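Colleague: return atomic coordinates for the entry below.
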Amino acid sequence: MVESRLDLNFVRSQFPAFAEPSLAGQAFFENAGGSYSCGQVVSRLNEYYRRLKVQPYYPYPASTEAGEWMDAARARLAEYLGVTSDEVHFGPSTSQNTYVLAQAFRALLKPGDEIIVTDQDHEANSGAWRRLAAHGIVVKEWRVDRESGTLPVAALDRLLTDRTRLLVFPHASNVVAHINPVAQITAKARAAGVITVVDGVAWAPHGLPDVTQSGADIYLFSLYKTYGTHQGLMVVRRKLMDQLSNEGHYFNAGELSKRLVPAGPDHAQIAAARGIAEYFDALDAHHGGGGVATRPQRVRELLRNAETPLLSALLEYLKARKGVRLLGPATAHERAATVSFVTHAADPAAVVKALAQRGFMTGYGNFYAVRVLEAMGVDPARGAVRVSFVHYTAPAEMTALIETLDSISGLSG
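Modeller: Prediction:
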């Protein structure tokens with residue numbers, strides 16, 4: 001295992017939350033629901049509202065600069081995603097972006113065409129596509145293995161036909177957290193002439209992906225889970241964008257950045273999202289930069305290598321508990337740093353309440369992933385405990401969390 005070389009003191013100095021008195025003494029383990037925002041984003045958002053809160057792109061100075069900030073956000077995030085800036089699109093959330101995309105695809109689909117969805121997804125990346133059945137589209141389900149919650153890649157071959165037009169699946173589940181082999185899956189789809197839509201919400205916080213390398217035609221994630229503002233970002237490859245219907249105002253059909261945003265963009269939040277890239281720049285520079293790998297690759301490695309030892313420790317602990325069922329893979333290299341589990345003796349809500357009383361912020365419930373819980377035989381009404389963390393989580397916090405879990409009735413033994 002590669003040892004982390006992350007300077008945690010530097011990292012935490014970049015996040016205002018770690019200097020916030022009201023959060024002192026608490027360890028944040030609900031990052032899958034939304035991460036802390038980095039200081040670069042907070043600073044830009046504050047400055048934008050203070051001096052650039054005008055309609056952008058007019059020729060007076062404040063307006064011109066406001067537009068430049070928005071353009072820079074798109075360009076800088078495109079660098080980290082390995083795409084061109086005109087392929088980056090913002091919307092109010094990934095759920096909303098997915099819904100709009102589903103409507104835009106209706107112009108490409110005819111009754112009898114097939115789309116494949118999974119039961120591993122957050123409902124936002126499944127329900128909007130399933131509703132197309134009302135328009136004569138045949139919806140087929142790629143189902144998880146009941147025990148592991150993983151998607152058997154071999155099963156996909158039996159679902160693909162000459163009528164399949166679209167495959168929608170997650171990079172990683174927000175409950176099971178298995179890292180699906182995206183490049184392998186998209187290659188299968190591409191060979192069959194099938195468009196792919198990948199939900200990266202549960203994976204992107206652990207390192208913004210190289211979308212080109214992934215082979216995805218569309219890739220979506222949430223900026224508020226990647227240290228930014230409450231916006232959704234979607235990459236739509238340029239060739240495909242030209243085929244999708246315009247979901248914005250009819251007179252904006254020629255402006256790519258407006259075609260998939262019916263409600264109009266949130267200027268300030270888009271402009272401030274540039275701060276995510278600036279944080280990653282600072283992280284890379286502080287740790288030496290340079291070398292054969294590109295800056296995005298170096299940052300991805302820093303983040304993943306910081307999380308993996310902590311993830312391994314938590315998984316080893318949970319595997320040793322007789323009354324605990326871990327949802328998803330038991331080895332760190334197969335999953336994201338989002339760990340869900342259920343117990344026979346302790347109710348998930350009670351576990352999370354007990355942790356909160358001891359200063360640990362965790363989550364419980366179905367996490368809008370009802371279908372995968374049902375598929376694995378877990379009662380969605382009871383739900384699961386979810387412990388999720390990112391690179392700024394301290395090893396001491398993980399040690400303390402495990403010790404605290406061990407003291408909670410129903411988890412020990």
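
Colleague: so which bits of stretch 19-30 are buried?
Modeller: Buried positions in stretch 19-30, judged by neighbour count with 16 or more other CB atoms under 10 Å: 27-30. Quick note: C-beta positions are derived from backbone N, CA and C, even for glycine.

Colleague: check stretch 372-390 too.
Modeller: In terms of neighbour count (16+ other CB under 10 Å), stretch 372-390 has its buried residues at 372-373, 375-376, 378, 380, 383-390.

Colleague: distance of the residue sitting furthest away from the middle of the chain relative to residue 255?
Modeller: Seen from the C-alpha centroid of the chain, the residue lying at the greatest distance (CA atoms, centre = their mean) is residue 60, 37.2 Å away. According to CB to CB, to the nearest Å, residue 60 and residue 255 sit 21 Å apart.

Colleague: can you give me the strands for the stretch 151-300 of the chain?
Modeller: 164-170, 195-199, 218-222, 232-236 (DSSP state E, counting those that start in this stretch).

Colleague: ok, now which ones touch the spatially closest residue to residue 378 that is not a sequence neighbour?
Modeller: Once flanking residues are discounted, residue 378 sits nearest to residue 342: 5.7 Å by CB to CB, 6 or more residues apart in numbering. With contacts defined as CB atoms under 8 Å, 6 or more residues apart in numbering, residue 342 is in contact with 324-325, 327, 348, 378, 382-385.

Colleague: ok so residue 342 is a strand residue?
Modeller: Yes. Secondary structure of residue 342 (DSSP: H, G, I helix; E, B strand; the rest coil): part of a strand.

Colleague: return the set of residues that bridge with it.
Modeller: In this entry, residue 342 is beta-bridged to residue 325, by DSSP bridges.

Colleague: okay, now the unreliable bits of this protein?
Modeller: Applying pLDDT under 70 to the chain flags residues 1-3, 409-413.

Colleague: which one's the longest helix in it?
Modeller: helix 295-319 (DSSP state H).

Colleague: now residue 122: how far from residue 330?
Modeller: 22 Å.

Colleague: comparing the two, which residue is more hemmed in?
Modeller: A direct count of neighbours by other CB atoms under 10 Å for residue 122 and residue 330 places residue 122 higher, at 23 against 12.

Colleague: I'd say that one and residue 172 touch.
Modeller: No. Counting by CB atoms under 8 Å, residue 122 stays clear of residue 172, with 10.6 Å between them.

Colleague: list residues touching both of the two?
Modeller: Common neighbours of residue 122 and residue 172 (CB under 8 Å, 6+ apart) are residue 202.

Colleague: for the buried residues of stretch 19-30, give me TSV that also has distance to residue 221.
Modeller: Output for the buried residues of stretch 19-30, formatted as TSV (distance: CB to CB, whole Å):
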residue	distance to residue 221
27	24
28	19
29	20
30	17
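
Colleague: just name the closest of these to residue 98, please.
Modeller: residue 30 (22.3 Å; CB to CB).

Colleague: what's the closest non-adjacent residue to that closest one?
Modeller: Using CB to CB, 6+ apart, the closest residue to residue 30 is residue 363 (4.6 Å).

Colleague: would you mind confirming that the one you found makes contact with residue 32?
Modeller: Yes. Assessed by CB under 8 Å, residue 363 is found in contact with residue 32 at 7.3 Å.

Colleague: common neighbours of these two, please.
Modeller: Common neighbours of residue 363 and residue 32 (CB under 8 Å, 6+ apart) are 386, 388.

Colleague: more crowded one of the two?
Modeller: residue 32 (26 against 21).
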